[in-house]
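Visitor: A predicted structure for the sequence below; I have some questions about it.
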Amino acid sequence: MSELTASGTPASVPERPQRWMRFVDSDLLWSFSRSPVTMVAAVIALVIIGAALLTPLIAPQDPYDLASLSLLDATAPPAWLKDGSWNYPLGTDNQGRDVLSAVLYGTRLSLLLGCSAVILSFLLGVTLGLIAGWRGGIVDALIMRVADVQLSFPAILIALLIDGVVRSVLPRQVQTEISLYVTVLAIALSYWVHFARTVRGSTMVERNKEYIQAARVIGVHPARIVVGHLLPNVVGPILVIATINLATAILTEATLSFLGVGLPPTEPSLGTLIRIGNDYLLSGDWWISIFPGIALALLILSVNLLGDWLRDAFNPKLR
Amino acid sequence: MVAFTIQRLLQSVLVMLTVALIAFALFNYVGDPISNIVGQDTTLADRDHLRAELGLNDSFIAQFARFVSHAAQGNFGLSYQQARPVSQIILEKMPATLELSFTAALLALIVGVPMGIYAGLHRHSWVSQTMLTVSLIGVSLPTFLIGILLILIFAVVLGWLPSFGRGAVVHIGWWTTGLLTAEGLRAIILPAITLALFQMTLIMRLVRAEMIEVLRTDYIKFARARGLTSRAINFGHALKNTLVPVITITGLQLGSIIAFAVITETVFQWPGMGLMFIQAVSFADIPVMATYLVLVGFFFVVINLVVDLLYYVVDPRLRIEREASANV
Amino acid sequence: MTKVSAWLSLSVALGLLVLGAASGEAKTFRWANDGDPTTMDPHARSDGFVTSFDMNIYEPLIRRDRNLKLEPALATEWASINPTTWRIKLRQGVKFHDGTPLTVEDVVFSIQRARDAGADATSQLAPVKEVKPIDDRTIDFISDGPVPILPNYLVSAAIMSKAWCDAHNTTSAANHEGIENYATRNANGTGPFILKDRQPGVRTTLVRNPDWWGIKDQPIDPDEIVFTRIDNAATRVAALLSGELDMVYNVPPQDIERIRKTAGFKIWQAPELRTIFLGMDQSRDELLESSVKGKNPFKDKRVRQAFYLAVDEDAIASKVMRGLAHPTGLMVGPGVNGYDATLDKRFPYDPRAAKKLLGEAGYPDGFEVGFDCPNDRYVNDQVICQAVVAMLAKIGVKANLLAQTKAKYFGKINAPRFETSFYLLGWTPGPIDALNMLQNLTATRTDTDGIYNNGGYSNPHLDKLIKKIQVELDAEKRNELISEALTIVKDDYVYIPLHQQMVVWASRDNVDLAQYATNDFPWRYVKLK
């Protein structure tokens, strides 16, 4: 989809009101108002993000405070079922953890993890992509061969390998504390290639366009050209990739936790919660896995739908 | 083109060496195979003896070098867990994984392509919109949860399909196939669906996007102007042009299907290489893990090579453009 | 050409399939477990499940009945004729599956093979110095010192055919230079079942041995046994409930109610001999993973006691184990020789007293300590550890849980590294005698003793006592000594015993079987109604 270059918005915009008006007038908003699915997705995403931000305020229990857990309350069903209690609206898990609180904290963690991983891979990929596309030659060849080698491996295996390497290097004592960072790093390093390739492609196209040539002729510093002129013009397609990668990153973490790496059960992400609950599906304690599952599905679904909309909105041909 | 092929083959050797190196660096971390091999009453002296015999006291560089030099002669060592040659174990497991992966890929194509065509032709119909959204739900849940839910519904509650394994298999030379027995066919349904779900969504969205692109190209407009029926245009011209990239991407995705088979095989106890890998990890069965990783690296390089060659054959201009779409 | 042969083999295979279906009526018993009998060689690995599986094909001289009492198998009688000699009479008229008769040479050969390098049952038979044939049905086992429980050790030594091993170049269980040992996938025993087809890690098929020596007294019901490995617990239970299997173990505690309530299925449960316990590093001068620097809090008995009192085992037994555990005050469970019911009482759960003890020991605000735990070894191991972490949090102790797969876990906490401060472990005394636990878990670490004494506890008085137990031939006196040793272990808070987990199996209603507290599964007891 290298043809998906940015729609309109030239590089520099002087005044704020004008920028706002431009946004209101923009295709983005127009296409948004035309798609009810997107609007619903946006509302869901906002609710989830809001809940994640406010979690410490709205969660009935702090699932990380182990002293507050009571094993005797374990696997209580949701409030509306027999034996349920409104102390635990969505029931409790195998440790007596309030499922509602665990889901809230888990969503927060999954979002944090997904966003960090995407931002990290974004920064890495875009930087390397710009360098490769701008410099060309041996630098380009080197970066792209590394990318090729990495593309020849499934992301999940790469994440597994990186996770293993990082953990084997670091001392054991800190492993639980740093597992979040390790997981973020593992996922980020397995997805940077997508950004790098797209940015490189766009950069190579843009590099030869007149406005860049002009900037070069008048002696603008290459770094300024890249950041000031090139970047804004390649941002469209990578935004699309970013949203899709956000969803994939969160799912990758869930899969990693199924394979026994990823986040520890004492500070569970949505994926870890589902994995724990998976063992209780047959026994009838479905709420342990289904509620985190619903939260995860809603989160991924809304992110993907927003990604769809972004993709269409950025592609002038599709209108 | 010959130079290109040679270059890629050299690259594949590099990939496999890198993978093996990383793998061996990792093995310090996967745990101590000795405690798995011996029983609880084995003396410390016997343990030390065994550790030395397996070369586990050597540095990972030395272990890596030994593995590579043996592997170059086609000897991948003995599995710690099964005490059998790794190459033999892999040959036994490979048909199961490949059969499952290809069936899943085929399923994804058979379902995904028509849905994508429909969604591309009727962009704004509510059926298309619903299809697009619903298909996303399928990829919004982790594979392992979907697998267990399918088992719960179709095996436990309804009792229609088996919950594990490959059923009866037929031997054709060293290859085993479950696709020739009724039992085997029934057994592959649930795992194949679980594995295909993600690809199905991907293919459907890809076909839709390609259809929309192609339908607005000049030659389709010409065809319309010439008065061809829309049926002839849609299926004769548009679809044909859509399918090349779709098939290539499906080919590329075969690699990740094989990788994701790890999860599916574990849930359905599918006796393939993915399950073998997971079992090897929990046993710290170093020879099996190393060989699997190297082999997967090899598969990927070969698949990529074939796809790239196809590009050259079909349309040299396509190459750069498609690289980017493979990312989505 | 290849195409033709492919079609040919295909049609042959299909033909066989039809034939197989036609012969119908055979009684097949299908079952699954989360592990695989990785080798058919009974000497290669002393893993509990592998041995239990292979002992349906091969047989020992002496076996255990369903109440774990010793009973004759290939030996008809045994006696200690002097302090260093056991004399054994061999059963007559026994034949291996390939038709060759069992002789004393086979026994001498097999014991030697079991003790050889490459075999893994060496240490148990280590005290035996010589195996001497006396006549064609009598064998003497001669040792340096007295070995009061030699018959217990013989239970795990399978008898193989010397001729068969010679013929297939497998006189040792060891592997040579990347070549598979013939006995790994082939078997020729004397037992009630004959190996028919082995697909490692997938499916193993066995058929009844119509010429088994014991078949008159104990008719074998199933014609065929089909074993499948299913790793994922949920899948395993699902396969039972969907009718694809007749029996499974291990059953996760949370699924037991579901199976019990489902019509057509039943749950089998019995206390297992394995004791689950917590251990503490009491040997290092500073803990590897702790906020306390310069000293080791676990060297203070009050701290160990505080940890003990802070753990609410009743809650673990009822909630995590769903009642399928026997909370224990002892490091050995009922059924093990030397078990003393009067000692088997836990000190009651008392977090307040625990907090006070910590204060007295100088840690009023608690401390941080690393906590190692397996996540795929014992029933709900990781969940138990999480629960312990939450319980310790209530007395101010922050236990940093590191739950890992058993491969990583054992490599870390066991010999020779002992890299742990606080850990969870389970122990089954192999010969079903308390001495095995005392020697492995509580004796001061040496080359042969204290191999699993990961906390490094050392008490010369206890060591002396253990030495006495090793050579005491008088059963009553021996048990008194064992009780004395167990009391020391208990009162010194050497370990925090938690429970003996239940052996839980599940089957269809029409299945009858014998459940062993050792988690062994002899199929000779299986009946299909």
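Guide: Received the coordinates, thanks. Since the structure is predicted, the reported quantities are computational estimates derived from the model, not experimental observations. Numbers count the residues shown, from 1 in each chain, chains lettered A, B, ... in the order given.

Visitor: in the stretch 201-319 of chain A, what spans have low per-residue confidence?
Guide: Counting by pLDDT under 70, the ranges of the stretch 201-319 of chain A that qualify are A:233, A:236, A:260-262, A:314-319.

Visitor: 50 instead, please
Guide: Applying pLDDT under 50 to the stretch 201-319 of chain A flags residues A:317-319.

Visitor: That one: helices as residue ranges?
Guide: Along the stretch 201-319 of chain A, the segments classed as helices by DSSP state H, counting those that start in this stretch run A:210-217, A:222-224, A:231-258, A:270-278, A:287-314.

Visitor: Check which helices and strands the shortest one sits against.
Guide: Spelled out, it's helix A:222-224. Contact partners of helix A:222-224 among helices and strands, from 3 or more C-beta pairs under 8 Å, 6 or more residues apart in numbering or on different chains; DSSP states H and E: none. The way it works is simple: take the backbone N, C-alpha and C, and place the C-beta from them, glycine included.

Visitor: Name the residues of it that come out as buried.
Guide: Buried residues in helix A:222-224, counted by 16 or more other C-beta atoms under 10 Å in any protein chain shown: none are found.

Visitor: what about the helices of the stretch 201-319 of chain A, which gets the closest to A:Ser190?
Guide: Closest approach to A:Ser190 among the helices of the stretch 201-319 of chain A (C-beta to C-beta): helix A:231-258, 7.6 Å.

Visitor: is chain B contacted by the closest one?
Guide: Yes. With C-beta under 8 Å from any C-beta of the partner chain as the criterion, chain B is reached by helix A:231-258 at A:Pro237, A:Val240, A:Ile241, A:Ile244, A:Ala247, A:Leu251, A:Ala254, A:Thr255, A:Phe258.

Visitor: of the helices of the stretch 201-319 of chain A, which approaches B:Ile257 most closely?
Guide: Proximity to B:Ile257, assessed across the helices of the stretch 201-319 of chain A by C-beta to C-beta, is greatest for helix A:231-258 (14.1 Å).

Visitor: Same list, the residues of helix A:231-258 next to chain B, but as TSV with neighbour count and distance to C:Glu419 please.
Guide: Listed next are the residues of helix A:231-258 next to chain B as TSV, based on neighbours: other C-beta atoms under 10 Å in any protein chain shown; distance: C-beta to C-beta, whole Å:
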residue	neighbour count	distance to C:Glu419
A:Pro237	26	49
A:Val240	24	48
A:Ile241	28	43
A:Ile244	22	42
A:Ala247	24	39
A:Leu251	24	35
A:Ala254	28	31
A:Thr255	22	30
A:Phe258	22	27
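
Visitor: Let's have those in a markdown table, adding distance to C:Ala183.
Guide: Written out in a markdown table, the entries for the residues of helix A:231-258 next to chain B read as follows (distance: C-beta to C-beta, whole Å):
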| residue | distance to C:Ala183 |
| --- | --- |
| A:Pro237 | 61 |
| A:Val240 | 60 |
| A:Ile241 | 56 |
| A:Ile244 | 54 |
| A:Ala247 | 52 |
| A:Leu251 | 46 |
| A:Ala254 | 43 |
| A:Thr255 | 39 |
| A:Phe258 | 37 |
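
Visitor: Tell me which two in those are the farthest apart.
Guide: Spatially, the most separated pair among the residues of helix A:231-258 next to chain B is A:Pro237 and A:Phe258, at 31.4 Å (C-beta to C-beta).

Visitor: and the residue in the stretch 151-300 of chain C positioned nearest to chain A, which of the three is it?
Guide: The stretch 151-300 of chain C approaches chain A most closely through C:Gln254 (4.0 Å), counting by C-beta to the nearest C-beta. Secondary structure for C:Gln254, judged by DSSP: H, G, I helix; E, B strand; the rest coil, is helix.

Visitor: Quick check: phi and psi at C:Ile88.
Guide: Dihedral pair for C:Ile88: phi -130, psi 140, per degrees, to the nearest 10.

Visitor: ok so C:Thr76 is a helix residue?
Guide: No. Counting by three-state DSSP, C:Thr76 falls outside a helix, being strand.

Visitor: List the contacts of it.
Guide: Residues counted as contacts of C:Thr76 (C-beta atoms under 8 Å, 6 or more residues apart in numbering or on different chains) are C:Lys89, C:Leu90, C:Arg91.

Visitor: can you tell me which residues contact the nearest residue to A:Pro292 once chain neighbours are set aside?
Guide: Closest residue to A:Pro292 apart from its sequence neighbours, by C-beta to C-beta, 6 or more residues apart in numbering or on different chains: A:Leu273 at 3.9 Å. A:Leu273 makes contact with A:Asp93, A:Ala102, A:Val103, A:Gly106, A:Ile288, A:Ser289, A:Pro292, according to C-beta under 8 Å, 6+ apart.

Visitor: now the third one: how far from chain C?
Guide: In this case it means A:Val103. Here the criterion is C-beta to the nearest C-beta, to the nearest Å. By it, A:Val103 lies 18 Å from chain C.

Visitor: three-state assignment of that residue?
Guide: helix.

Visitor: and A:Gln95, how far is that from chain C?
Guide: From A:Gln95 across to chain C, the span is 5 Å (C-beta to the nearest C-beta).

Visitor: if we can go back for a sec, for the residue of the stretch 151-300 of chain C closest to chain A, grab the count of nearby residues.
Guide: Residues near C:Gln254, counting by other C-beta atoms under 10 Å in any protein chain shown, number 24.

Visitor: Show the contacting residues for it.
Guide: The neighbours of C:Gln254, taking C-beta under 8 Å, 6+ apart as the test, are A:Thr75, A:Asn94, A:Asp279, A:Tyr280, A:Ser283, A:Asp285, C:Arg322.
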